Every structure is written in C-alpha cells, then in structure tokens.
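Visitor: Give me coordinates for this.
(2 chains)
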Amino acid sequence: MTRRRKRRVAKSMTDSSFSLTQQESNLVQFILALGPVRTAIEDGAIIQFRASSDERKNSLFANAATIEVNSGDAQAALMAVQAVKTDAPLILIHNALQFLIETRQFLGACFSKLATGGLMIVTVPHQFLYERKWKLPSRRAALHRRFYTSNTLLADIEEAIDPCEFRVRFLADHDSGYDYHAELDHNPDGGQDIVVVLERIVRPAWRSGLDHDELWAQPATQPVRYLEVDKNAPVVVRTVAPDTSAVNRIALVKLDHRGDFLLAGKAFKIFRSAFPSAEITLICGSWNVEEAQKSGYFEHVIPFDFFPDDDSARLKMQPREVLVEKFSREMSGRLYDLAVDLRLYDDTREVLRVIRARNHAGFDRLDAFPWMTIRLNIPSATEDDRAEQGVIAAERFASSVCKHLSYEIRADAPYLSEKWRSVIWGPYRELKPGRYQFEFLIEPTVEDFDAPFDIVFDEGRQTLLAGILHVSRKERRQIELEVDKRIGGFEFRLIGGPGYELKPFRFFGLKFIHRSGIGGVHQTEAMALLAHLIEMRLTDAYTMELA
Amino acid sequence: MRSQQHPAVISPFANERVRQWPSSHFRELIEIIWREHRLPALIVGTREQRALANDIVRGLSSERIQNACGSMSWGDLVAAVDSAPYVIANNSGVAHLAAGRGKWTLCVFSASHAYNEWMPRGPRVVTVVRVTPCSPCSLSTEFCPNNVACMVDLLPADVFWRFDQARKAVLAKSRNSDSAPGEAA
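Guide: Model (predicted):
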C-alpha cells in the first residue's frame, strides 16, 4: 500500500463524520493504539461481522467489508461466514457475540477464514461496565443473550478455537473515560468493552501428539504381563442392561435335614420379603414338608427325598442319578424365573440343574458350576479349612544326585558340592491357609549331619521358610509354618553346598499336619448372604447380560 | 444454552486414563444423541479437565452443547444428574452417582477392570464393555501395549444402539406394568 493510500485509510478510520458515536470513536482510538493492529488495518482488507440484532448498522472502520449475520439463526449465521473468502488478514467481530444464538461454531468458522499471521479482533460489552448486572436479562439491551467478562470471553474462544492455533496478542477491559459514579439506572459515559486480539499461528507439528497422550497407550518394548489382542479378531461387545422380565416364579431347593432346614429360616424370610408377589415353591425332604407349609413363606411345597431322613440308619437309597432322573420328570413342564439351591455343599447342584429356570443360583466354592447365573463363592470352614494330616511320599520328590527308589531317596555316599544346589526337591502340592506342622522323614545311615533347606513357592522366587536341618538318628526335626494365603504349589528343597557335606541318608518324604483356623461364616449367614446376593442381582441392579 | 430440554449429562473423564473412552468417540456420541434423540448435552468434569472437554465440544453448537467443566459444585452436578434424561460416563464416580440415583445411565466400561466387579448398579443402568483376552489387566500407571483396544474399538454408533435398545425395551415394558423398573424414566 502506498503512503498516500495509508494516509487516506487512516483518515477514514478516524473521520468523525463517519457516523460513529463517541463511545465507538473512543473504541476505534483504543484499537488503533495497538501498533500491530493499526498496521494490519492500514495494510489489508478488514472483514467485520455484525449481528442483525445490533441496532447500530454501521462499521467501526470505513474500509471494512461488513457482513451482517443472523442473530437468531445459527445455521444462517454460519452460512454467512462460510461465504467469506479464506486468508483474510483481519477479521473484526464487533459488538456481535452477545446477540448471537450460537457462538462456538460461529467463532470457529470466523477463525477458519483468517490467514496465518492474520488477526481476529473481538469486542463485546463488559458485564461490569456496560451491563452492571449479575445475570440476564440485560437492563439496557433486551436482545443480549449473554454477559461477558474477559474470563468468559476467553473461555468461549478456547472452546471454539484450538488453543494450539492462536495466540492472544492483546486482551483488555476498555474503560477509558468511564464514569464509575454513574448510578445503575443511568447509562455511564466512557469505554465499556472487552477487546481481545488473536493472531492465527501455524499449527505445531506436535499438536497431534497431545491426542495420543490421552490414549494412555504405548507399544510394548519388553515382555509384559498383558495378553496380546489380535487386531484381526472380531470385536465382541457385552451389554449389561436392565432385565425386562420380572421374577414371578421362584423354586428354592433345600434337600438336607431338619436342622439344615431350620438354619435356612432367615434366608427364606429374605426371599419372601425381596419378592413379595412372587410364587415361591420349596423343594425339600419329606420330613420338612409340614414345617415348610406352616412357615407361610411358600405357595407350594414339593417333597423330594434326595437324602435319607435318618443318615445314621444308613438305609440303602436308590442311586442318585436315578433319583435326579425321577425328579427331573416330575419337574418337567414347570418353568421358573429363578431356581436356588441353598445347600453349601456341591452334591445337590445336579438337582438344581434339572429345574428349568432363567436364573440358577447357589454356592460355588470351587468355581465348578459356571452354568449358574448367580454364584456365591464362599468357603466352608468344615470342608475347606478342615484339619488333616498325611505323608507326602518320597515318590513326589525328585533328586539329581541320589538313588531314587519308589519309597525312598537314598544317598549311599557323602555328597559335597562346591556350588549351592538342590539335592532333593518337591512335591509342588497346594498349601491352604492355616497352621502347618512339617516333619522331615529323613535319617542318616552312618552319622548325623546338618543340611540347609528351604520351603519356597512361585518357582523359588518367594520363600516361606529357610534354615539348617539337623539330620539325626535320635530325633526328627519338626517345624511350624503359618500360611496366610492359598499357595498353588510349594517346594521343599534340601540343599548341598560349600561347608555342608551331606552324609549318607535315606529320605522317605514329608509328614504334615494342617490345623484348622476355624474361620468362615455360619451356615445361616451363608444362606442369608446368598439370598441377599440374589436379591441385589435381580431387584436392585435388575441387570442381565444381553450379549 | 437455548434448548428448553434438560441436557443429557456427559462425563467423559475418569481417575485413570485407561478408563477413558477416546474424546473423539464422546464427540461422535454427542452428535448421535442430538441426531437421534434431539437432546442437548452437558459436559461435566473438573477445571483441570476443561481444556480436554473443549476439544470434545469444539465445532459443536454452543446452543446445544455446554462445557460445564470446572463450573459446577458437587451439588450442582447432582442436580444436573437428577434432571437429565440420561447420563453417560466411563467407569467413574459420575456413573455410580447416576446409577445410585436411579437415572438412566450408560457406562462405557474399560475392560481394564472386571465389569461384574465394578460396573455401576441400578435399575436403569446399561453397561457396555468390549470383551478382550487381556481383560481384566488391572493396568494403572503402566501404558497399555494393546492401544487401549477395549475402548478404542468400542464404537459410538454401536454403544448408542445398545443403550437405546435396552432403554426402549424397558420403557416399552413399563408401559404395560406398574412394577417394571423403567417407569419413571
């Protein structure tokens, strides 16, 4: 642009005859005081967007191409912006945003028309200079849809425009000449705007990396514990959603004896209360029928003698498969929403399975019944924490240096190793939580000696116990071991190494005693827990897997 | 926001990033919700999550989609959840809040955790989870070597369809039964 042309533009920008109000003239001067903005205005074409609701129909700058956008129609406003050519050097959005029904897409579209290095100037009335009000409606302009502070204006801009694509070059509350003494019902003189100037910058190359940052993924650079996902395998999606089928018919199975039936009273009560309108059928031993009918919990009681009434009499019963087959025939044609076996032990689950029901529920201590839809894995103190003893025979152990017969591992000659190494190892059996007493069944055949040993698991990575075993003719060493969790396979190792010459010996195995911790829950509690679990699954959560 | 309808509450964040559905998926879901249900959306989160929420709403109409991250108290959030037609969240506190308050809740569940152990529970909850062989991985500070396939491959259209079908089924049932769980939705 020639110097003469620049002078002409500058004159038109400040020409008072260009029908600007005093406040608008002040704002123009305020904007032109910004060096880079003035240069841009002098050098390039200005595109000004004006809201149709704005009563002031003029432009701030005489050389601006002014485009009116529809305040009440977001799509029309967007179309007006989209019609503008790209690579604009300067875009002015003056006194418009507060009128528009939609601003995010509008601002984004305006910015997209800006050239790299171009400037976008946004001015809006200040909430606490112009509006002077906490919230809408405006006391001065009925068509204002929102109030702005510099904070909320920038927040809207950051929502609309990628913060990696612009820089704020100027932000100010324009209050020059503002009359702070003016009463709320007066219109004060002076500047009342917020002015923000954005410069469009080149989108940095690292911008796309920000998105990947959030994905929380990284290629594995070393073997990891995670299983691999086959990228070509079909995507399987599961939906857990409310069950639209109500629970109207329930079958409860309680086949054991009188005492067991009485212990289930609390659970029966929970079922009755959880499903008040359901028809509940109890299947129980014939000896419990009268008590069941009197309880008032059940609409129907079906007798089924799966066990003998008096176990102590040891009466001969029909084989269980015959009993189950007979029961299955009897139950054919009956369909339930829920069938529950209230016996903790597994032996009656085959009875439960032949009952046709949408949901089967019961105890599953050993994860043995995946066909049940509701399973409670609860240990039995009696079954799972029982006291027991036994001998783990020599055949369950291995040795690299000794003679291995079926019943013993035998060393006929002294053994001395320069390096530490296992001489006997095994048996890789499970240890249950509780207190163990081990006795090493090993005896010297010539003379007493000391040998290192340890008890480990997790392929030797974790040690339960280690020490020196005195192998003596007079007595066998016993050790106590407290196990606080289930261990899949423990390993006893008799070790040879520097300073420990193993004299000839015979090893017969390991004797163990496991003492119960007497833990777990009471049978009444266990059945009540199962009843509550079923209630939660079928009423509270009311969920089922769709696929 | 100009819409007279209460917005669907969208909570696109979680305490662990492996539990977050990609932002682009949330954005697409918001568009589907508008197209299919004509519902505005309210994005909720903390002040620190606002910038990322901006990335979700950018280019979407401010008339319909509001980013409220950092601007709501917990009480405000509860009120927004209570008045929402439904709530969409990852495996996060907002999902449990909505489920517990009996609201229709779509939980987009990362397979990093066992869904049967941690999914939100309630009479109007729909949980969608992709089944992967690596699940549950219990991954927390480590990065996922499988490109978070359990979330990335869970596509918005499919997730929406599953939620919509389950919700419609309950609503249809509730029209015929006083005791069905979806009656007040």
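Visitor: from here on, contacts and neighbour counts on C-alpha atoms
Guide: Will do.
Visitor: Next up, phi/psi of the nearest residue to B:Cys137 once chain neighbours are set aside, please.
Guide: For B:Cys137, ignoring the flanking residues on the chain, the nearest one in space by C-alpha to C-alpha, 6 or more residues apart in numbering or on different chains is B:Ser112 at 4.9 Å. Main-chain torsions, B:Ser112, degrees, to the nearest 10: phi -60, psi -30.
Visitor: Can you report how many residues lie near B:Ser112?
Guide: 20 (other C-alpha atoms under 10 Å in any protein chain shown).
Visitor: what's it in contact with, if anything?
Guide: B:Val18, B:Arg19, B:Ser135, B:Pro136, B:Cys137, B:Ser138, B:Leu139, B:Cys150 (C-alpha atoms under 8 Å, 6 or more residues apart in numbering or on different chains).
Visitor: all strands in the stretch 201-350 of chain A, in order from the N-terminus.
Guide: A:236-242, A:249-254, A:279-284, A:300-303, A:336-341 (DSSP state E, counting those that start in this stretch).
Visitor: let me fix that: chain B
Guide: For chain B, applying DSSP state E gives strands covering B:8-11, B:41-43, B:65-67, B:87-90, B:105-109, B:125-131.
Visitor: Tell me which of the ones you listed lies nearest to chain A.
Guide: When the strands of chain B are compared for distance to chain A using C-alpha to the nearest C-alpha, the nearest one is strand B:125-131, at 4.2 Å.
Visitor: just the CA coordinates of that closest one, formatted as PDB?
Guide: Output in PDB follows, covering the C-alpha atoms of strand B:125-131 (Å, rounded to 0.1, in the frame of the first residue of the first chain):
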ATOM      1  CA  VAL B 125     -28.100 -48.900  34.100                       C
ATOM      2  CA  VAL B 126     -26.700 -50.100  30.800                       C
ATOM      3  CA  THR B 127     -23.000 -51.100  30.900                       C
ATOM      4  CA  VAL B 128     -21.200 -51.700  27.600                       C
ATOM      5  CA  VAL B 129     -17.800 -53.400  27.600                       C
ATOM      6  CA  ARG B 130     -15.700 -54.800  24.900                       C
ATOM      7  CA  VAL B 131     -14.500 -58.300  25.700                       C
END
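Visitor: Just want the angle from that strand to strand B:105-109.
Guide: If you take axes from the mean of the first three to the mean of the last three C-alpha atoms, to 10 degrees, strand B:125-131 sits at 20 degrees to strand B:105-109.
Visitor: I'd like the mean pLDDT over strand B:125-131, please.
Guide: Mean per-residue pLDDT for strand B:125-131: 94.
Visitor: If we go by neighbour counts, what in the helix or strand encompassing A:Leu154 is buried?
Guide: Assigned by DSSP states H and E, A:Leu154 falls within helix A:150-160. Buried residues in helix A:150-160, defined by neighbour count with 16 or more other C-alpha atoms under 10 Å in any protein chain shown: A:Ser150, A:Leu153, A:Asp156, A:Ile157, A:Glu158, A:Glu159, A:Ala160.
Visitor: Same check on stretch B:125-144?
Guide: For stretch B:125-144, by 16+ other C-alpha under 10 Å, it's B:125-132, B:134-137, B:139, B:143-144.
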